[in-house]
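Trainee: Here's my sequence, what's the structure:
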Amino acid sequence: MHDLTPLPAAIGGALIGLSASLLLLTHGKVAGISGIVGRLLRRDADDRGTSGWFLAGLLAVGALTRLVAPSAFASSERISIPLALAAGLLVGVGTQLGNGCTSGHGVCGISRLSVRSTVATSTFVLTAFVTTFVLRHVLGGGR
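Mentor: You can find the predicted model right below:
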């Protein structure tokens, strides 16, 4: 754990929780990104503006962080575009099957003591663990 940075991690977690709480308190909406993107894509959604501005804020802060601290985005991982697209498609299908994503269930659902969200988040984490183990140790893609 040589990359342990408790203070920045705590600040980041607090900001995520604050943004999710503000969206829930001011608009009655859960800050699940798959739901936000889904509302943007639906023509009949009545809150496309709120969803659009929330997503724009996420992208703006990401772009600002990229400018101020480009090393935050440094990675030695290199994946192909088709693999990234396939992974994104599977995540999209999974969020529809799970009725939400990790941000919706993990951040917003668990904080509201939702049993469904706790089960969903546990399933996400277990699936990620198994997938990582298989890819790195069974199929030999580990470092």
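Trainee: What helices and strands are in contact with the lowest-mean-pLDDT helix or strand in the chain?
Mentor: None of the helices or strands of the chain scores lower by mean pLDDT, DSSP states H and E than helix 102, at a mean of 80. For helix 102, there is no helix or strand it packs on, judged by 3 or more C-beta pairs under 8 Å, 6 or more residues apart in numbering; DSSP states H and E. No exception for glycine: its C-beta is placed from N, CA and C like everyone else's.
Trainee: Determine how far that helix lies from the middle of the whole chain.
Mentor: Mean-position distance between helix 102 and its chain equals 6 Å (C-alpha atoms, centre = their mean, to the nearest Å).
Trainee: Equivalent analysis for stretch 116-129, please.
Mentor: Here stretch 116-129 is found 13 Å from its chain centre; the criterion is C-alpha atoms, centre = their mean.
Trainee: For that stretch, which outside residues touch it?
Mentor: 98-100, 102, 104-106, 108-110 (C-beta atoms under 8 Å, 6 or more residues apart in numbering).
Trainee: could you give the mean pLDDT of that stretch?
Mentor: What stretch 116-129 shows for mean pLDDT is 90.
Trainee: Just the CA trace of it, in CSV.
Mentor: C-alpha atoms of stretch 116-129 as CSV (Å, rounded to 0.1, in the frame of the first residue of the first chain):
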residue,chain,number,x,y,z
ARG,A,116,-31.4,-3.9,-2.4
SER,A,117,-28.4,-1.5,-2.9
THR,A,118,-26.3,-3.4,-0.4
VAL,A,119,-26.9,-6.6,-2.2
ALA,A,120,-26.3,-5.0,-5.6
THR,A,121,-23.0,-3.4,-4.4
SER,A,122,-21.8,-6.6,-2.8
THR,A,123,-22.5,-8.4,-6.1
PHE,A,124,-20.6,-5.7,-8.1
VAL,A,125,-17.6,-6.0,-5.8
LEU,A,126,-17.6,-9.8,-5.8
THR,A,127,-17.9,-9.9,-9.6
ALA,A,128,-15.0,-7.5,-9.9
PHE,A,129,-12.9,-9.6,-7.5
